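S.K.: A structural model of the following input is requested.
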Amino acid sequence: MKIRKYGGANETLIEFDNDMEILFSYSTPVAGFIPGHGYFSVDEHYSSTTTRHVNKYHAGREPAMRLTEKGVEEMVGSWGMHR
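M.R.: Just a heads-up that it's a prediction; the model follows:
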């Protein structure tokens, strides 16, 4: 697993060994990539800054899924930490 800054000071990307990614804006998971499933966004309303972070991460790609924040946490537990 690698943790790195992504763009601005308040953006962090976690890259798991299985190629899954989770983008955090401030301390909130807001988008990412799941191998075999595609890109996702968290289906919540955020500030304009966080919305820009998500849009930059997707760079014109349409997310295949919309997840709740709780769904992201569950997914990280089942995919990111155990594979």
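
S.K.: now the helices for the protein?
M.R.: For the chain, applying DSSP state H gives helices covering 48-58, 69-75.

S.K.: Make TSV from those and add distance to residue 13, mean neighbour count and mean pLDDT to it.
M.R.: To be clear about C-beta, it is placed using only N, CA and C from the backbone, and glycine gets the same treatment. Shown next, in TSV, are those (distance: least, Cβ to Cβ, whole Å; neighbours: other Cβ atoms under 10 Å; pLDDT from 0 to 100):
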stretch	distance to residue 13	mean neighbour count	mean pLDDT
helix 48-58	8	16	91
helix 69-75	14	15	82
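
S.K.: Just send the ones you listed back as CSV, with distance to residue 4 too.
M.R.: Shown next, in CSV, are the helices of the chain (distance: least, Cβ to Cβ, whole Å):
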stretch, distance to residue 4
helix 48-58, 13
helix 69-75, 18
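
S.K.: Compare those and give me the one nearest residue 14.
M.R.: With Cβ to Cβ, the closest approach to residue 14 among these belongs to helix 69-75: 11.1 Å.

S.K.: So, low pLDDT: which residues of the protein?
M.R.: Residues of the chain meeting the criterion pLDDT under 70: 78-83.

S.K.: 50 instead?
M.R.: Counting by pLDDT under 50, the ranges of the chain that qualify are 82-83.

S.K.: Output the longest strand anywhere in it as PDB, nothing but the C-alphas.
M.R.: What stands out as the longest strand in the chain, according to DSSP state E, is strand 28-34. The C-alpha coordinates for strand 28-34 follow below in PDB (Å, rounded to 0.1, in the frame of the first residue of the first chain):
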ATOM      1  CA  THR A  28     -13.100  11.900   3.600                       C
ATOM      2  CA  PRO A  29     -13.000   9.100   1.000                       C
ATOM      3  CA  VAL A  30     -14.700  10.600  -2.200                       C
ATOM      4  CA  ALA A  31     -13.600   8.500  -5.200                       C
ATOM      5  CA  GLY A  32     -11.500   5.700  -6.400                       C
ATOM      6  CA  PHE A  33     -10.900   2.700  -8.600                       C
ATOM      7  CA  ILE A  34     -11.800  -1.000  -8.000                       C
END
